[in-house]
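Q: Model the structure of this input:
(chains A, B, C and D)
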Number of protein chains: 2
Amino acid sequence: MSTPTPKSQAFDTETRPATDPPVQNLPKVRDDAPVSISDRTGSNRSALNAPSESGSLGRQVAKHLRSRIMQGEFSPGARLPSETEIALDYGVSRVTVRTAIKLLESQGLVDVRHGSGTFVSDFGTEIKAGIQELRSITETIREMGFEPSMERHKGETRAASEHESARLDLMAGEQVLDLQRAVFADGEVVAYSYDVIPIKTLDAQMLERMGQGSVFKVFETIGITPARAIAELHAVSSQEIAWGPQKPEQGLFLLLDQVHFDKDGKPFMYSKSYFVEGRFQFVILRTR
Amino acid sequence: MSTPTPKSQAFDTETRPATDPPVQNLPKVRDDAPVSISDRTGSNRSALNAPSESGSLGRQVAKHLRSRIMQGEFSPGARLPSETEIALDYGVSRVTVRTAIKLLESQGLVDVRHGSGTFVSDFGTEIKAGIQELRSITETIREMGFEPSMERHKGETRAASEHESARLDLMAGEQVLDLQRAVFADGEVVAYSYDVIPIKTLDAQMLERMGQGSVFKVFETIGITPARAIAELHAVSSQEIAWGPQKPEQGLFLLLDQVHFDKDGKPFMYSKSYFVEGRFQFVILRTR
DNA sequence: ATGACGTAAGTCGTCCTACAACTCAACCTA
DNA sequence: TAGGTTGAGTTGTAGGACGACTTACGTCAT
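A: Numbering: from 1, shown residues only, chains lettered A, B, ... in the order given. The predicted structure is shown next:
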């Protein structure tokens, strides 16, 4: 990156070809050299450039702030540095910092008070098991301090049911992978997962790998990133759901019936997750 | 407040004086007379100033846009006007519009695409029963197109249990109002609500009014505005919960066990709402 | 001393202006 | 016709300025 095109300044590495100044528009000058600059101690300026493309700057900052909060750098109730300070720290504009903070606020992580400051929400850290955050079950379990594991009970291809076709936006009778697994936390069963995945999005090799570990990991390798899920909640009492030696006696479950969408709005998985009542704490932060 | 301090300028009126080049900078005068100005046709400029104090400008705009979307002015998948247009329409800056849109985005109502525009989310309108939106049950029922009603089954004062004291941050043995009600939609029972409210926040007159209608309405009259709730979800199977002629046979409920907080972070109500399974659709939009 | 009041500094909210980065469709060229 | 280029439109970020609110502190009269 010879002539440092100010694109995403700061966090280097970036899309731009290493070759030369892309002739943007007109004589857009801006001859400043937005790099170098001696590193102030404690600066978070270079902390952002994630693995690869991580969304907008604001989201990157939000992500980083979030992890700082989660790791206890700011304890619940504590005040964050002012927006201006944070902006200087990360080397971004205050506008960007504000979008980041707005995001965290909407997630209930912080609490912005006009004229006073931004404070870490009192719950905040407990919330991380919250449903509204889209993440895989295994991921959630691990963050709660347990060791997740899975056991495949069934994994076969079949034609999609009418209901499934509707949810996944498929042709009638299209083939799907029917995956049934038990989910464990520290060896204790916490949920039974029924996943349905359209075959067409997978090649043969994927089918096997879907069994063990996180399904989402496999999706990532083929460029499918989960962006949203729309979920329905139900209480279920049935003996037909669980299996195996740890099958719970009373057969009472909290059902999360959800369709997953990628960032283009295309559905790529339909799953019913039956959580054994009492083994898993679901928390929702409701805001206005 | 004699001298009309320009507080929330904008609607009604307008920031800039129609007179002449605003001097800005140092001698901060601002001698404008903040009224008049003919109404452009179709302008939403004056649509904001709600009942009274409605939060920041950005939130007001968000609220108004939200209702426009809900009322079908923009159908799912449709593109909203550009940020600049909306800003002109409401007579606010683009920054403000952006904060509003960010809010709607975080609620899953719209979908912002860089370089392309802002689109109404495909689900969007279904979501309005979503849990993460904090609103009273009656409000939710009404928005779903049913007529809500309530029936008080019990309403007495007693000492708070240990568990309740912990949740509500009370002294041991403090008095609370124990309210038990059945919730109906178009005459059909959909939920059983167990509410616990500290007495100290109420006067005698309030106690009666708590019985009928929305509890939140009563709270509003004494200046308590619900800002957040932290809720736990459970599946419950029991015959001890419901009562009355419409008592459901199988006794299967989705329990929303929640503590409500006002904007200062003080808990003011602890409630357990048992929703009769199958009668009420809970939808959650999960995002990352 | 004490309490009411005004003042000033700090911080979030909004505005303005100017670009940068991205998308999409129309156009042009090979 | 196929493919690349251009340009207009839209969201994202920057920077500077000021309004509105909160808080702490100092002043002053009691």
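Q: Any chance of the backbone angles for residue A:183?
A: phi -110, psi 130 (degrees, to the nearest 10).
Q: thinking it is in contact with residue A:150, fair?
A: Yes: counting by C-beta atoms under 8 Å, residue A:150 is a contact partner of residue A:183 at 5.7 Å. Quick note: C-beta positions are derived from backbone N, CA and C, even for glycine.
Q: Looking at these two, which is more packed in?
A: residue A:183 (23 against 18; other C-beta atoms under 10 Å in any protein chain shown).
Q: OK, contacts around the more buried one?
A: Contacts for residue A:183 (C-beta atoms under 8 Å, 6 or more residues apart in numbering or on different chains) come out as A:137, A:138, A:141, A:148, A:149, A:150, A:189, A:190, A:191, A:192, A:193, A:273.
Q: As JSON lines, these with secondary structure, pLDDT and distance to residue A:174 would be great.
A: Shown next, in JSON lines, are those (DSSP: H, G, I helix; E, B strand; the rest coil; pLDDT from 0 to 100; distance: C-beta to C-beta, whole Å):
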{"residue": "A:137", "secondary structure": "helix", "pLDDT": "82", "distance to residue A:174": "26"}
{"residue": "A:138", "secondary structure": "helix", "pLDDT": "84", "distance to residue A:174": "28"}
{"residue": "A:141", "secondary structure": "helix", "pLDDT": "82", "distance to residue A:174": "32"}
{"residue": "A:148", "secondary structure": "strand", "pLDDT": "89", "distance to residue A:174": "31"}
{"residue": "A:149", "secondary structure": "strand", "pLDDT": "90", "distance to residue A:174": "31"}
{"residue": "A:150", "secondary structure": "strand", "pLDDT": "91", "distance to residue A:174": "26"}
{"residue": "A:189", "secondary structure": "strand", "pLDDT": "94", "distance to residue A:174": "32"}
{"residue": "A:190", "secondary structure": "strand", "pLDDT": "93", "distance to residue A:174": "32"}
{"residue": "A:191", "secondary structure": "strand", "pLDDT": "94", "distance to residue A:174": "27"}
{"residue": "A:192", "secondary structure": "strand", "pLDDT": "96", "distance to residue A:174": "25"}
{"residue": "A:193", "secondary structure": "strand", "pLDDT": "94", "distance to residue A:174": "21"}
{"residue": "A:273", "secondary structure": "strand", "pLDDT": "94", "distance to residue A:174": "23"}
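Q: Need the residues touching each of residue A:183 and residue A:150.
A: Common neighbours of residue A:183 and residue A:150, using C-beta under 8 Å, 6+ apart, are A:138, A:193.
Q: Show the residue spans covered by the helices in the stretch 101-250 of chain A.
A: A:137-143, A:162-168, A:204-209, A:215-221 (DSSP state H, counting those that start in this stretch).
Q: Worst mean pLDDT among the ones you listed?
A: When those are ranked by mean pLDDT, helix A:204-209 comes last with a mean of 71.
Q: can you list the weak-confidence ranges in the stretch 1-150 of chain A?
A: A:1-43, A:45-54, A:123-134 (pLDDT under 70).
Q: Could you give me the buried positions within stretch A:207-220?
A: A:207, A:210, A:211, A:214, A:215, A:216, A:218, A:219 (16 or more other C-beta atoms under 10 Å in any protein chain shown).
Q: Pretty sure the fifth one sits against residue A:269.
A: Think residue A:215. Yes: the criterion here is C-beta under 8 Å, and residue A:215 meets it with residue A:269 at 7.2 Å.
Q: Find residues that contact each of these two.
A: A:195, A:197.
Q: so what does the host helix or strand of residue A:283 touch, helix or strand wise?
A: Secondary structure from DSSP states H and E places residue A:283 in strand A:282-287. If you count contacts as 3 or more C-beta pairs under 8 Å, 6 or more residues apart in numbering or on different chains; DSSP states H and E, strand A:282-287 packs onto strand B:226-237.
Q: Alpha carbons only: can I get the helix or strand following the strand it packs on in PDB?
A: Later in the chain than strand B:226-237, the nearest helix or strand by DSSP H and E is strand B:252-262. Coordinates of each C-alpha in strand B:252-262 appear next as PDB, following Å, rounded to 0.1, in the frame of the first residue of the first chain:
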ATOM      1  CA  LEU B 252     -49.400 -26.100  29.400                       C
ATOM      2  CA  PHE B 253     -48.000 -22.600  29.500                       C
ATOM      3  CA  LEU B 254     -45.200 -20.400  28.300                       C
ATOM      4  CA  LEU B 255     -44.000 -18.400  31.300                       C
ATOM      5  CA  LEU B 256     -42.600 -15.000  31.000                       C
ATOM      6  CA  ASP B 257     -41.000 -14.300  34.300                       C
ATOM      7  CA  GLN B 258     -39.900 -10.700  34.400                       C
ATOM      8  CA  VAL B 259     -38.800  -7.700  36.300                       C
ATOM      9  CA  HIS B 260     -39.700  -4.200  35.000                       C
ATOM     10  CA  PHE B 261     -37.400  -1.300  35.400                       C
ATOM     11  CA  ASP B 262     -38.100   2.400  35.000                       C
END
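Q: Strand B:252-262 to strand B:282-287, inter-axis angle?
A: Counting by axes from the mean of the first three to the mean of the last three C-alpha atoms, to 10 degrees, strand B:252-262 points 60 degrees away from the direction of strand B:282-287.
Q: Distance to residue B:259 for the buried residues of stretch A:207-220 - can I get that in JSON lines?
A: Output for those, formatted as JSON lines (distance: C-beta to C-beta, whole Å):
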{"residue": "A:207", "distance to residue B:259": "45"}
{"residue": "A:210", "distance to residue B:259": "40"}
{"residue": "A:211", "distance to residue B:259": "41"}
{"residue": "A:214", "distance to residue B:259": "33"}
{"residue": "A:215", "distance to residue B:259": "34"}
{"residue": "A:216", "distance to residue B:259": "32"}
{"residue": "A:218", "distance to residue B:259": "39"}
{"residue": "A:219", "distance to residue B:259": "37"}
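Q: Please consider this matter closed, and thank you.
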